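Novice: Would you be able to build a 3D model of this:
(chains A and B)
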2 protein chains.
Amino acid sequence: MAEKRARERLLSAALDLFTEHGVTGTSLQMIADRLGVTKAAVYHQFPAKEEIVLAVIGPPLAELAPIAEVARLRRTPAARRKAALTGIIDLVVRNRRIAAALTFDPMVNQLVRRHPAIGVIEQLQDLLTGPDPDDTTRVAVSLVSGGLMIAGSDPRLAALDDETLRDHLLATARRALR
Amino acid sequence: MAEKRARERLLSAALDLFTEHGVTGTSLQMIADRLGVTKAAVYHQFPAKEEIVLAVIGPPLAELAPIAEVARLRRTPAARRKAALTGIIDLVVRNRRIAAALTFDPMVNQLVRRHPAIGVIEQLQDLLTGPDPDDTTRVAVSLVSGGLMIAGSDPRLAALDDETLRDHLLATARRALR
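Specialist: Take a look at the predicted model:
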């Protein structure tokens, strides 16, 4: 229990530092200093910064598979798209702090590309475009899926509560995708 | 003239390397190796990597001011938004290679935040939201302006010609913004 709390404190401090300095600009020493412990104590829990990043992005990435599963069970392409979109938006909004710190970080992108969840990310992309997408649809899905991550982590929208942000993101995305 | 060509060759090689390795992962030595010259020769033109990045992003950033000026001359908020949107999309599409290599890079973001063009970027954001924006509008503008940069540099859309990409981005953005 104490160990679990220590791990959570470490991940929370790391996320603060990633937000302030980027992943590349954050060292294990900085995380130790922030927690008031030795670098050896951090190293004992996470021998490399990569493993801290993986521990932060792991839980939200693990939620992608059930979102895709639920969406796939819907009958029509339109219903599958709506379910995928709703699930992704809900996930982004609930993980705004992680999205703000880690989206588009080059190191994070590399880790995601090698992560088992990358297959699910591609499936979700296909659920959003639907079968045989034309250029219009492909451009709209690219704009919307990228834009969701940005709006979800936009500091100018930080004052909006989760429900308001979720509702507006969903409405905007659905208009963009027609 | 030879000096101008040498400068362009250097910037083009640097942009290739930024695309492959990210800005942080690219060194002056790597740029020299790619060009088949000494590091001293690169250093003679650009004493720091930052200056290479600034030389790459300077020309597109300089185009933002006339876009904002043209948009401000329109009579209604809707017309100002449309003019700003059209100008930004055209700029992103014409600079797809730069957008793909440099958007969301932490070092580039820092340089942009200290760049004189940052004031114009904020003016363009205001032209997109219009006066007294409600939450719906603020979320939609955040999603669209972020999504434009992503779709503009999406490798899956690289096969679309500029005109097709521009038309679809504009149509998607206008639907999203209503």
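Novice: Which parts of chain A belong to which domain?
Specialist: According to automatic domain parsing, chain A comprises the domains A:2-47, A:57-177.
Novice: Span of the shortest one from start to end?
Specialist: This points to domain A:2-47. Taking C-alpha to C-alpha, to the nearest Å, domain A:2-47 runs 20 Å from one end to the other.
Novice: same thing with the longest one?
Specialist: Terminal residues of domain A:57-177 lie 27 Å apart, using C-alpha to C-alpha.
Novice: which stretches of chain A have low pLDDT?
Specialist: A:1 (pLDDT under 70).
Novice: Show me which residues of it are close to chain B?
Specialist: Chain A comes close to chain B at residues A:22, A:24-25, A:103-106, A:135-136, A:138-140, A:142-151, A:154, A:156-157, A:160, A:164-165, A:168-169, A:171-173, A:175-176, A:178, as judged by C-beta under 8 Å from any C-beta of the partner chain. (C-beta placed from N, C-alpha, C; glycine too.)
Novice: Those residues, buried ones only, as a ChimeraX selection?
Specialist: Buried members of these, defined by 16 or more other C-beta atoms under 10 Å in any protein chain shown, are picked up in ChimeraX with:
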select /A:22,24,103,104,105,106,138,139,140,142,143,144,145,146,147,148,149,150,151,154,157,160,165,168,169,172,173,175,176
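Novice: what about residue A:38, how many neighbours?
Specialist: Around residue A:38 there are 12 other residues, counting by other C-beta atoms under 10 Å in any protein chain shown.
Novice: how close does it get to residue A:31?
Specialist: Distance check for residue A:38 against residue A:31: by C-beta to C-beta, to the nearest Å, it reads 11 Å.
Novice: For residue A:3, see how far away the residue of chain A positioned farthest from its centre is.
Specialist: Outermost residue of chain A with respect to the C-alpha centroid, by C-alpha atoms, centre = their mean, is residue A:38; its distance is 29.8 Å. Counting by C-beta to C-beta, the gap from residue A:38 to residue A:3 is 17 Å.
Novice: any idea whether residue A:25 is helix, strand or coil?
Specialist: coil (DSSP: H, G, I helix; E, B strand; the rest coil).
Novice: What are the neighbouring residues in contact with the closest residue to it other than its chain neighbours?
Specialist: In space, residue A:25 comes closest to residue B:106 once its chain neighbours are excluded; the distance is 7.3 Å by C-beta to C-beta, 6 or more residues apart in numbering or on different chains. Applying C-beta atoms under 8 Å, 6 or more residues apart in numbering or on different chains to residue B:106 gives the contacts A:22, A:24, A:25, A:105, B:24.
Novice: from memory residue A:85 sits against residue A:172, does it?
Specialist: No. Counting by C-beta atoms under 8 Å, residue A:85 stays clear of residue A:172, with 10.7 Å between them.
Novice: Quick check: which element contains the most centrally placed residue in chain A?
Specialist: When C-alpha atoms, centre = their mean is applied to chain A, the residue found nearest the centroid is residue A:99 (4.9 Å). Here residue A:99, judged by DSSP states H and E, is contained in helix A:96-102.
Novice: That's all I had, so thanks and see you.
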